[in-house]
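S.K.: Pasted the sequence and its predicted model underneath.
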Amino acid sequence: MKPVEFVLVGAGSRGAHAYAPYAVNNPNDARIVAVAEPDPVRRAAIAEAHDIADEYCFTSYEALFAKGQLAEAAIITTQDAMHVEPTLLALAQGYHVLLEKPMAPDPLACTRLTLAAEKAGRHLVIGHVLRYTDFFSTLHDLLQAGKIGDIVTVAHRENVAHWHMAHSFVRGSWRNKAESTPMILAKCCHDLDIMVWNLGRECTRISSVGNLNFYQKKNAPAGSTSRCLDGCTVEATCPWSAKRIYLDLEPWPEAAKVAQQTGEAPNVWPFNVLSNDRSYAGRVAALQDSPYGRCVFHCDNDVVDHQIVTMEFAGGISASLSMHGLSNDEDRSMRYDGTTGTLHGYFNANGGRIEIKPHRGTPEVYEVDGRSGHGGGDTGIMQSFIAAVRGTAAPKSSARESLESHLLAFAAEEARLSHNVIEMDDYKAALRAQADQLA
Ligand SMILES: NC(=O)c1ccc[n+]([C@@H]2O[C@H](COP(=O)([O-])OP(=O)(O)OC[C@H]3O[C@@H](n4cnc5c(N)ncnc54)[C@H](O)[C@@H]3O)[C@@H](O)[C@H]2O)c1
């Protein structure tokens with residue numbers, strides 16, 4: 001079978017490092033034939049890795065789509081606020097689209113994208129990579145097989161490591177709602193997607209509490225400076241020290257070894273976000289100039305650092321989602337209680353463990369190996385999307401299914417801000433009315 005041809009829109013961390021490598025590693029499956037990326041270093045790296053001629057290397061998605069349809073499919077991995085326009089252009093030209101989550105920064109735009117894909121008759125698959133991991137597929141299959149009977153309650157936790165919180169939601173791209181999206185959407189649309197998938201029914205009402213409590217100026221220790229390398233007197237003991245994270249690479253002992261041997265931090269997230277120059281000197285320069293060198297107590301962040309969402313699903317199932325950015329380790333944990341047993345799940349970058357404890361009978365334990373790239377999800381979503389484009393398998397998730405979890409995130413944020421319980425039927429009806437007005 002011929003490889004599916006792609007255009008790549010946005011060759012940043014996700015485009016260049018999560019999805020594009022699939023084409024290099026699986027040339028019979030995928031080929032990247034054009035790239036749109038304003039950063040010349042990133043654009044050149046993709047052109048070289050995928051042997052793309054100069055005339056198919058563009059400085060923006062606008063320039064790429066001005067050429068008409070160049071391939072069957074588009075991978076769109078621009079930042080959150082730049083998803084809508086390229087996706088609408090791509091769908092209108094006949095591309096199938098793999099679009100990074102979140103679909104869009106507001107619920108109406110997410111709805112518009114879903115309707116546009118349905119009207120165009122094209123696949124629009126959202127980067128909910130957790131669905132494609134061995135861990136969550138196993139967990140889903142066990143629940144579907146009725147291992148704990150009918151599900152009655154769910155408690156799901158997303159524990160964001162303190163250094164990840166600092167990198168993405170205090171110093172980095174998702175720190176400020178006006179520039180990106182609320183954290184419950186940016187971080188937890190994955191978790192909401194998994195919960196909706198496992199329960200297989202709609203959420204009927206939702207409420208939420210949470211706030212920005214810790215990463216604020218009022219908590220800045222005496223002696224701290226606005227940048228960690230500017231003579232901060234508490235740097236040596238601060239867990240969020242940019243020196244500790246980006247120069248000493250303390251949270252990643254393996255990466256630190258690589259940097260010691262090669263003189264460069266590995267070409268992976270988060271080091272390839274910090275700077276195109278990953279040498280020690282390049283990283284020091286980035287900490288002097290870029291947002292990543294700032295003290296976590298002296299940033300312009302306004303997204304929450306913890307939030308709890310409670311949901312009622314059809315049939316009276318109660319569920320909660322807890323997200324916070326003060327975890328020591330990065331992991332997700334979950335508990336499902338059913339009529340005949342309890343399921344405990346634990347998932348991190350090394351893999352996962354699922355325990356089933358039936359009320360009568362023998363407990364079962366499933367150890368799931370970890371694979372790089374979101375537990376194998378980055379590769380899994382590419383394989384599934386390619387099969388959908390070829391027509392050999394249905395996509396594992398449609399835009400409409402992804403819309404459901406996105407709407408829950410937006411409704412949770414509205415509930416948090418308004419201190420109200422949101423009835424999802426009313427919320428969706430209001431949105432439909434707005435979408436109809438636009439049509
Ligand atoms: N699925 C996941 O688990 C996951 C994980 C992290 C990030 N994301 C999402 O992936 C998306 C990309 O994140 P990232 O970390 O790769 O961001 P990034 O900033 O590293 O990459 C975005 C790229 O888009 C490029 N760009 C800017 N303007 C452009 C234009 N007009 N035309 C084409 N390209 C343009 C930028 O130069 C940059 O290289 C975000 O929406 C993010 O929320 C998803």
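M.R.: Good, I have the coordinates. Nothing here was measured: the structure is a model prediction, and the numbers come from that model.
S.K.: For stretch 228-239, buried residues please.
M.R.: Neighbour-count burial for stretch 228-239 flags 228, 232, 235, 238 (criterion: 16 or more other Cβ atoms under 10 Å). Backbone N, C-alpha and C define where each C-beta goes, glycine included.
S.K.: And the residues you listed, which is closest to the ligand?
M.R.: residue 228 (22.0 Å; Cβ to the nearest ligand atom).
S.K.: Dihedrals phi and psi, that closest one?
M.R.: With angles defined as degrees, to the nearest 10, residue 228 sits at phi -60, psi -30.
S.K.: ok, now residue 158?
M.R.: Residue 158 has phi and psi values of phi -120, psi 110 when expressed as degrees, to the nearest 10.
S.K.: Same question for residue 334.
M.R.: phi -150, psi 150.
S.K.: my read: it touches residue 159, true?
M.R.: No - here residue 334 does not reach residue 159: they are 11.0 Å apart, not a contact under Cβ atoms under 8 Å.
S.K.: Quick check on those two: which one has the bigger neighbour count.
M.R.: Comparing residue 334 with residue 159 by other Cβ atoms under 10 Å, the one with more neighbours is residue 334, at 22 against 18.
S.K.: Can you give me the distance of the more buried one to the ligand?
M.R.: Residue 334 sits 17 Å away from the ligand, going by Cβ to the nearest ligand atom, to the nearest Å.
S.K.: near the ligand, which residues of this protein show up?
M.R.: Proximity of the chain to the ligand (Cβ under 6 Å from any ligand atom) is limited to residues 9-15, 36-39, 42, 60-61, 77-80, 82, 100-101, 127, 129, 173, 186, 273, 374.
S.K.: Mind doing that once more with 5 Å?
M.R.: For the chain, the residues in contact with the ligand (Cβ under 5 Å from any ligand atom) are 10, 12-14, 36-39, 60-61, 77-78, 80, 100, 127, 129.
S.K.: residue boundaries of the helices in the stretch 1-150 of the chain?
M.R.: 13-14, 20-25, 40-50, 61-65, 84-93, 107-120, 134-144 (DSSP state H, counting those that start in this stretch).
S.K.: buried residues in the last one?
M.R.: The one in question is helix 134-144. Neighbour-count burial for helix 134-144, with 16+ other Cβ under 10 Å as criterion, is recorded at 134, 135, 136, 137, 138, 139, 142, 143.
S.K.: what's the offset of that helix from the middle of its chain?
M.R.: Centroid displacement of helix 134-144 relative to its chain, using Cα atoms, centre = their mean, to the nearest Å, is 20 Å.
S.K.: Check which helices and strands that helix is in contact with.
M.R.: If you count contacts as 3 or more Cβ pairs under 8 Å, 6 or more residues apart in numbering; DSSP states H and E, helix 134-144 packs onto helix 189-199, strand 341-348, strand 351-358, strand 364-369, helix 372-375.
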